[in-house]
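J.: need coordinates for the following:
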Amino acid sequence: MEKSEKIFVAGHRGLVGSALVRTLERDGFDHLVTRARSQLDLGSEAAVDLFFAQEKPAIVIFAAAKVGGIKANNDQPVEFLLDNIQIQNNVIRAAHEAGVRKLLFLGSSCIYPKHAPQPIPESALLTGPLEPTNEAYAIAKIAGIKLCQAYAREYGAHFISAMPTNLYGPNDNFDLLSSHVLPALLRKAHDAKTSGARELMVWGSGKPRREFLHVDDLAAACLFLLERYDSPEIINVGCGEDVSIRELAELICDVVGFKGELAWDTTKPDGTPRKLLDVSKVHDLGWRHTIALRDGIARTYEWFLKNPPRDSKPE
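T.: As a prediction, the model looks like this:
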C-alpha cells in the first residue's frame, strides 16, 4: 500500500478500529478517513452511498459491528443479525460501486461450527452446527464473508476476509452486561480488589479453552494482509495458543492483584468447549503475533486504570 492512499477505517472508535488507526498512523499512513456514528449511519444505504461518492477511498477496512458476549448475543439475536447484515451489505456494495481498490472484511472465529476440529482450519467453515449462544452474530459474519467472495468471483474485486480469534486491549468494552470474557474478568477482578471482596464469581465451569490475541497484533496482521494477501478465501488470525477460562481468571487476578478465591457459577453457560484457530496459513505467509498474554493483560489493565468505565454496575 502507498502511504498516501486514502484508507477508510469503518468502526474506528471500537476495539479493533482504534487499534487500526493507531497502527496506521504509527506506520506513516497519513490519509485516513474516519466517521463517528453520529456523522455516518452505516445502516443507511443512502448515507453510505453518498460517503463513498464524496470520499472515494482506495482501501476499506471493515471493523464496524454490533458485538457482545454470551449474554448480549443471547438477549438480542435480532439486533445482532439484522444490524450487522445491514451495515456490512451497505459498505461492501458501495465499496465495489465506488471502485475501491481493496477491502478487508473482519469476521470472527465464532463463524466456525461448535464442534469444529481443533485447532480450527479455515476449511471448517459451514461443516457443522454453530454455537447457539452466538449464532446470530456468526450468521451475519458468514454472510459478509460470502458477499466479499461473491464480489471477487463475479467482478474480480480484491475483497479479502480475515477471521480473528478472541481479541482484547485498549478501548475494549468493560461493561459487565455486554462484555466478552477477558475484559469482564478484568473488570470483576478490579472491582473485587477495590471493594475488598473475598470471592470472585465467574460464569461457567472454567473448563472451556480460549485463544486470546492483543488487538495491536491484529492491527499489524491487517496491514500485513492488505499488502501481501489477495485470495478471497478466508484466513485465520490468532496466536495459536489457548488457555482454560480458569487459567485466564487466575492470570488476570494475579495481574490485577486480587488475592481472594474464585467461585464458579455452573448454572451459567460455558459456550463452545474449545476454540483455537489453526494459524498455519498466516504463519506460512510470514506473520506472527508479538504480544504475550500476560504482558497484553498488564497493558490492558494499565489502560483500564487510566480510563475507568462509565457504565452502571448490574444489581
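J.: in stretch 266-285, what counts as buried?
T.: In terms of neighbour count (16 or more other CB atoms under 10 Å), stretch 266-285 has its buried residues at 269, 271-272, 274-279, 281-282. In this view, the C-beta of every residue, glycine as well, is placed from N, C-alpha and C.
J.: what's the closest of these to residue 153?
T.: Proximity of the buried residues of stretch 266-285 to residue 153 (CB to CB) peaks at residue 281, which lies at 20.0 Å.
J.: mind listing what the closest one touches?
T.: Shown in contact with residue 281 (CB atoms under 8 Å, 6 or more residues apart in numbering): 122, 235-236.
J.: the same query, at a cut-off of 6 Å, please.
T.: Residue 281 sits next to residue 235 when contact means CB atoms under 6 Å, 6 or more residues apart in numbering.
J.: that one in helix, strand or coil?
T.: Secondary structure assignment for residue 281 (DSSP: H, G, I helix; E, B strand; the rest coil): helix.
J.: how close does it get to residue 142?
T.: As judged by CB to CB, to the nearest Å, residue 281 and residue 142 stand 18 Å apart.
J.: all strands for the stretch 201-315 of the chain, in order.
T.: With DSSP state E, counting those that start in this stretch applied, the stretch 201-315 of the chain shows strands at 209-210, 212-214, 235-237, 243-244, 261-265, 274-275, listed in chain order.
J.: tabulate those (a markdown table), appending mean pLDDT.
T.: Shown next, in a markdown table, are the strands of the stretch 201-315 of the chain (pLDDT from 0 to 100):
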| stretch | mean pLDDT |
| --- | --- |
| strand 209-210 | 94 |
| strand 212-214 | 98 |
| strand 235-237 | 98 |
| strand 243-244 | 98 |
| strand 261-265 | 97 |
| strand 274-275 | 89 |
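J.: tell me which of these sits nearest to residue 58.
T.: Closest to residue 58 of the strands of the stretch 201-315 of the chain is strand 235-237 (CB to CB; 21.3 Å).
J.: what lines up beside the closest one in the sheet?
T.: Applying DSSP bridges to the sheet, strand 235-237 is found paired with strand 159-164 (parallel).
J.: can you pull out the residues in contact with the very next helix or strand once past the strand it pairs with?
T.: Per DSSP states H and E, the first helix or strand lying C-terminal to strand 159-164 is strand 166-168. The contact list for strand 166-168 (CB under 6 Å, 6+ apart) reads 182, 210, 212-213, 215, 218, 300.
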